[in-house]
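Chemist: sequence and predicted model, in that order:
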Amino acid sequence: MSSSSDINRPRVLNQEILRRIVDLIITQASSKRINYREELRKYLPASLQELGTRVFENIAETIIARERIGENKYVYRCSLCGRSFSSSRGVYIHLKKNHFTDLIDLLDSELNRSIENSS
């Protein structure tokens, strides 16, 4: 997920802030609609508000694929490993237990990439 050049690069945000934002990403992605913009304002410095919100939305929209299989029935697929779940709760727990660290690295990497591209 991260390149060898990312290993020695300092993180854009501290580890605790990244953890809190990843927690929000997982919650939002697993169909638990929250007021994430208000929450992000608490964690992101003013200089990263807009860019950080875009990165958040992009990750939250892509880590879970939801497929309708019947009336009011869905299959939730983890985009990181392809595993399927019959409930949003199942994929939520899966992401928290199996991909939390991966998502921290992804968020940090995407924030860095976005900052570099906006310069």
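Modeler: Looks like it arrived, so ask away.
Chemist: packing partners for the helix of greatest length in the chain?
Modeler: Within the chain, and with DSSP state H defining each element, the longest helix by residue count is helix 100-118. Contact here means 3 or more Cβ pairs under 8 Å, 6 or more residues apart in numbering; DSSP states H and E; on that basis helix 100-118 packs against helix 4-7, helix 15-29, helix 49-62. Every residue, glycine included, has its C-beta placed from N, CA and C.
Chemist: quick one: strands adjacent to the helix or strand just after the last one?
Modeler: Translated: helix 49-62. Using DSSP states H and E, the next helix or strand after helix 49-62 towards the C-terminus is strand 64-70. Applying DSSP bridges to the sheet, strand 64-70 is found paired with strand 73-78 (antiparallel).
Chemist: tilt between the partner strand and helix 15-29?
Modeler: Put simply, strand 73-78 runs at 150 degrees to helix 15-29, going by axes from the mean of the first three to the mean of the last three Cα atoms, to 10 degrees.
Chemist: quick revisit: just the helices and strands packed on helix 100-118: most buried one?
Modeler: Of all the helices and strands packed on helix 100-118, helix 15-29 carries the top mean neighbour count, a mean of 19, counting by mean count of other Cβ atoms under 10 Å.
Chemist: for it, give the mean pLDDT please.
Modeler: Taken as a whole, helix 15-29 has an average pLDDT of 96.
Chemist: okay, now the unreliable bits of this structure?
Modeler: Across the chain, the ranges flagged by pLDDT under 70 are 1-9.
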